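Asker: A predicted structure for the sequence below; I have some questions about it.
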Amino acid sequence: MARIGVLGFLHETNTFAPDVTGLDRFEEADAWPGLTEGEAIFEATRDMNLAVSGFISAMQAAGHEIVPLLWCSANPSGPVADAAFETITARIETHLQGLSLDGLFLDLHGSMVTQSLDDAEGELLRRLRAVTGPELPYVAALDFHAIVTQAMVDRTQAMVAYHSYPHVDMADTGARAARMMQRLLAGEAFFAAWRKLDFLVSMPWQSTLGDEPAGALMAAARALETEDCPEVQFIPGFPLSDTPESGPAVLVYARVPARANHAVQTLVQAIEARRTAFNGRLYAPDEALDALAGRDAGRYILADTQDNPGGGAAGDTTGVLRALLDRKVRQACVAVLCDADFARAAHALGVGASIDLPLGGRGFPGDEPATGPFEILALGDGRLVGTGPFYLGCRMDLGPMVRVRRDGVDILVSSRKQQAADQAMFRHLGADPRDYRMLVLKSSVHFRADFAALADEILMIKAPGANTADLHDLRFKRLRPGVEIR
């Protein structure tokens, strides 16, 4: 039986977002647990679709002892405050001091940027290696949008990234990490080969649902895997990180260098052949409503991708909502708009009352609030359990929530931002997404896991928000030379 340390420190950093992510954002719960230390990690993450949950379950089933250290995440947002990074890293180092371990599992995102560090995970690994030494087996789980660096590869024995977007396989990725850890503990060694690609892919076009292009590339990667080459990975990266290392990567682990290098070359060729396929249409709100005008039946999803909290946006812009109201669209619902002050005031008034306060429109320059009055239809405390494939088992705490209506349009309002990727958010406020003809979801791709089957058509919307979908709208200043913006 081996003794394995477990930790997590996750943040997806949108360097174009205006906010700075402080320690409080890691301490508070949202869709996932707040900062948790020691034995409490077991209960806080149990049965969730998280890599740490899958790793712990698999290793315990194999008879190994788990030593939980610290786990935390913060919703995607602007650069992590240096003070927050230093505080959390110091706590992890303290947990590791003098600890006898046979291996260490790290649940990481892979695209954390701080006020001073482009490669926060690489620096975290450097500091932890100073405590544990270079030989202790490190296996890390990475997000599908990780930005792989040489420092990360050099300071781990293996890294495994999610295969899917929507990320329905996070717990499965933890189980894959457990298999790699057990092989390392058994004395196997793996050669790492990897390649950085010189283009960026916008988030909406990274979806692995369907055949092309990302779904086909994931299938191509799986076809290259063997017992001697257990991990062949295409990791598309997070395009809203303006750093020299940004961009997709291919990462392979094999028992012999030649096998790893061959797999890298083969998969890179397949990706390059599909480079131009990473695209799609973005609609302005009025363009989308024009395209759907006159249709008598069906259910349609407008993905408000640029205000997706899962990409660092505020989750409170009103561009699509105001278009619905201006066009007098009925039987529509906007979810989930974050406005803690509005939700608090609605709770004070109660169900059935009218609330005439501005709603949203404060988190992005140039946006404006939606005006009332709104009818208060339902209230909730924001504590719910995810039931869809992405948020499965996640015990969310979104703060006071309210469902309001104006002129035939319902709006789900939360106090903490979270992308609309689970139908449980609707049910928490007494709503059923099937009752609406038009769903406006503040999400880019994750919503597809639980909502796509409801829709006759999905349109990607370009409305105000910091999760920029057309990368040509951004001014990148720090990319390495030669990187193409797709």
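Answerer: Noted; the coordinates are in hand.
Asker: number of nearby residues for V52?
Answerer: 30 (other C-beta atoms under 10 Å). The way it works is simple: take the backbone N, C-alpha and C, and place the C-beta from them, glycine included.
Asker: residues contacting it?
Answerer: By C-beta atoms under 8 Å, 6 or more residues apart in numbering, the residues touching V52 are V6, G8, I41, T45, W71, F105, D107, A141, G174.
Asker: contact partners for the nearest residue to it once chain neighbours are set aside?
Answerer: With C-beta to C-beta, 6 or more residues apart in numbering as the criterion, V52 has its nearest non-adjacent residue at 4.3 Å, and that residue is D107. Residues near D107 by C-beta under 8 Å, 6+ apart: 6-10, 50-52, 55, 71, 140-141, 174.
Asker: isn't there a strand covering A288?
Answerer: No: assigned with DSSP: H, G, I helix; E, B strand; the rest coil, A288 falls outside any strand and is helix.
Asker: got the residue ranges for the helices in this structure?
Answerer: For the chain, applying DSSP state H gives helices covering 23-27, 40-45, 51-61, 82-96, 120-132, 150-154, 170-185, 214-223, 257-273, 285-292, 319-326, 340-349, 424-427, 448-451.
Asker: closest to R383 out of those?
Answerer: Taking C-beta to C-beta, helix 424-427 is the member of those nearest to R383, at 10.8 Å.
Asker: tabulate the contacts of V52 (CSV), appending distance to S444.
Answerer: Output for the contacts of V52, formatted as CSV (distance: C-beta to C-beta, whole Å):
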residue, distance to S444
V6, 30
G8, 23
I41, 29
T45, 25
W71, 25
F105, 28
D107, 22
A141, 21
G174, 23
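Asker: domains in this protein, as residue ranges please.
Answerer: What the record gives for the chain is the domain set 3-277, 282-471, from automatic domain parsing.
Asker: got the ones you listed as JSON lines, with mean pLDDT and distance to K477 columns?
Answerer: Converted to JSON lines, these look like this (pLDDT from 0 to 100; distance: least, C-beta to C-beta, whole Å):
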{"stretch": "domain 3-277", "mean pLDDT": "97", "distance to K477": "6"}
{"stretch": "domain 282-471", "mean pLDDT": "97", "distance to K477": "13"}
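Asker: in TSV: those, plus distance to R478.
Answerer: Listed next are the domains of the chain as TSV, based on distance: least, C-beta to C-beta, whole Å:
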stretch	distance to R478
domain 3-277	5
domain 282-471	14
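Asker: any idea how far A313 lies from L357?
Answerer: 22 Å (C-beta to C-beta, to the nearest Å).
Asker: so who does R395 touch?
Answerer: A29, P33, M48, R383, L384, V385, G386.
Asker: in contact with the second one, which residues?
Answerer: Think P33. Contacts for P33 (C-beta under 8 Å, 6+ apart) come out as A44, T45, W71, C72, S73, R395.
Asker: now for these: which two are most distant?
Answerer: The widest separation within the contacts of P33 (C-beta to C-beta) is 15.3 Å, between C72 and R395.
Asker: and L7, what are its bridge partners?
Answerer: L70, L106 (DSSP bridges).
Asker: make 687 the starting number, not 1.
Answerer: Will do, 687 is the new start, and the previous item becomes L693.
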